[in-house]
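Asks: heads up, no residue letters with this:
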């Protein structure tokens, strides 16, 4: 499914029957009824009856099918409600006392990653939190673009933000678009699809050619104070969340890709102490 198809699907009237939802997710995962039935250990005939409304699935079956289809927790609640059951997964704000330990873990990871930059984003790439090494890299960006919460991807593509500072703009933004496209296909989230289409409208140059064989990952090369800082990034998520907020949170951590960047980051951190 391409982004256009995802957008068309998201914009049409939402299916209201559990069978419609299941069929939608099964087709999005490119699974046949036989494939899904085998994964869920039920008969293909029974699954067909569920999809057409001739049979009503139990709560346990809805959850099992959703798990096999790798449906996001937010959408699993939608499946349950459409089948006549109460939602199973809570969505608490990050400030909720029940998420205190998770919040502490996020703060610990961000702090421990210094002097390298790291940040946490929600499902739509809005900034949730960042360590102190992120702010210096955003110096000079108009304040109107840094309103809370600002969108990290929009900042990367915006011609008044990080785009003119990114040395390998075509490669880096191409990577971000590909990653976002995969998220759109996996979730069919209308906001993500809109973000993808918006970012495609920015004047980003096409890639000049294949990545150099010397690279082991696509670097993020940022011009900062007359020097070029080079990073590679990793993504961290909570492994077994049962809360929607935690399931949609990601930590983006950046590591220096060369010795000069590592040294510069140490100097920046020392100057801030």
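Replies: Received the coordinates, thanks. Predicted model, so just to flag it, every value in this text is computed and none were measured.
Asks: and the end-to-end length of stretch 126-146?
Replies: Using CA to CA, to the nearest Å, one end of stretch 126-146 lies 11 Å from the other.
Asks: stretch 76-88 now?
Replies: Stretch 76-88 end-to-end distance (CA to CA) = 8 Å.
Asks: quick one, grab the pLDDT at residue 203.
Replies: With respect to pLDDT, residue 203 scores 89.
Asks: how about it, what does it touch?
Replies: When the contact criterion is CB atoms under 8 Å, 6 or more residues apart in numbering, the partners of residue 203 are residue 159. Every C-beta, even on glycine, is put in place using the N, C-alpha and C of the backbone.
Asks: next: residue 228.
Replies: Contacts of residue 228 (CB under 8 Å, 6+ apart): 167, 221-222.
Asks: let's see 7 Å
Replies: By CB atoms under 7 Å, 6 or more residues apart in numbering, residue 228 lies in contact with 167, 221.
Asks: how about it, phi and psi?
Replies: When read as degrees, to the nearest 10, the backbone of residue 228 gives phi -110, psi 120.
Asks: can you start the count at 232 instead of 1 from here on
Replies: Yes, from this point I'll number from 232; that puts the last item at residue 459.
Asks: next one: it from residue 283, what distance?
Replies: Using CB to CB, to the nearest Å, residue 459 is found at 59 Å from residue 283.
Asks: mind naming the longest helix for this structure?
Replies: Across the chain, the helix with the greatest residue count (assigned by DSSP state H) is helix 400-418.
Asks: which helices and strands does the next helix or strand after it pack with?
Replies: As assigned by DSSP states H and E, the chain's next helix or strand after helix 400-418 is helix 421-431. Judged by 3 or more CB pairs under 7 Å, 6 or more residues apart in numbering; DSSP states H and E, the packing partners of helix 421-431 are helix 234-242, helix 383-388, helix 400-418.
Asks: and helix 421-431, what's buried?
Replies: 423-424, 426-427, 430 (16 or more other CB atoms under 10 Å).
Asks: before we move on, the earlier item: tell me the buried residues in the longest helix of the chain?
Replies: 400, 402-408, 411-412, 414-418.
Asks: swap in stretch 481-494?
Replies: Buried residues in stretch 481-494, counted by 16+ other CB under 10 Å: 482-488, 492-493.
Asks: secondary structure class for the residue of the chain most remote from its centre?
Replies: Distance to the chain centre peaks in the chain at residue 285, reaching 36.2 Å (criterion: CA atoms, centre = their mean). Put simply, residue 285 is coil when judged by DSSP: H, G, I helix; E, B strand; the rest coil.
Asks: how does the protein divide up, domain by domain?
Replies: Following the TED database, one gets these domains for the chain: 249-314, 328-438+447-503.
Asks: and those domains as JSON lines, adding distance to residue 320?
Replies: Shown next, in JSON lines, are the domains of the chain (distance: least, CB to CB, whole Å):
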{"stretch": "domain 249-314", "distance to residue 320": "4"}
{"stretch": "domain 328-438+447-503", "distance to residue 320": "5"}
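Asks: right, and the ones you listed - which one's nearest residue 321?
Replies: domain 328-438+447-503 (5.7 Å; CB to CB).
Asks: straight-line length of the closest one, end to end?
Replies: Termini of domain 328-438+447-503 sit 32 Å apart (CA to CA).
Asks: tell me, how many residues neighbour the nearest residue to residue 458 once chain neighbours are set aside?
Replies: Closest residue in space to residue 458, ignoring its immediate chain neighbours: residue 495 at 6.2 Å, by CB to CB, 6 or more residues apart in numbering. Using other CB atoms under 10 Å, residue 495 is surrounded by 18 other residues.
Asks: what separation do you get for residue 495 and residue 433?
Replies: 28 Å.
Asks: for my notes, confirm residue 360 occurs in a helix.
Replies: No. Residue 360: not assigned to a helix; according to three-state DSSP it is strand.
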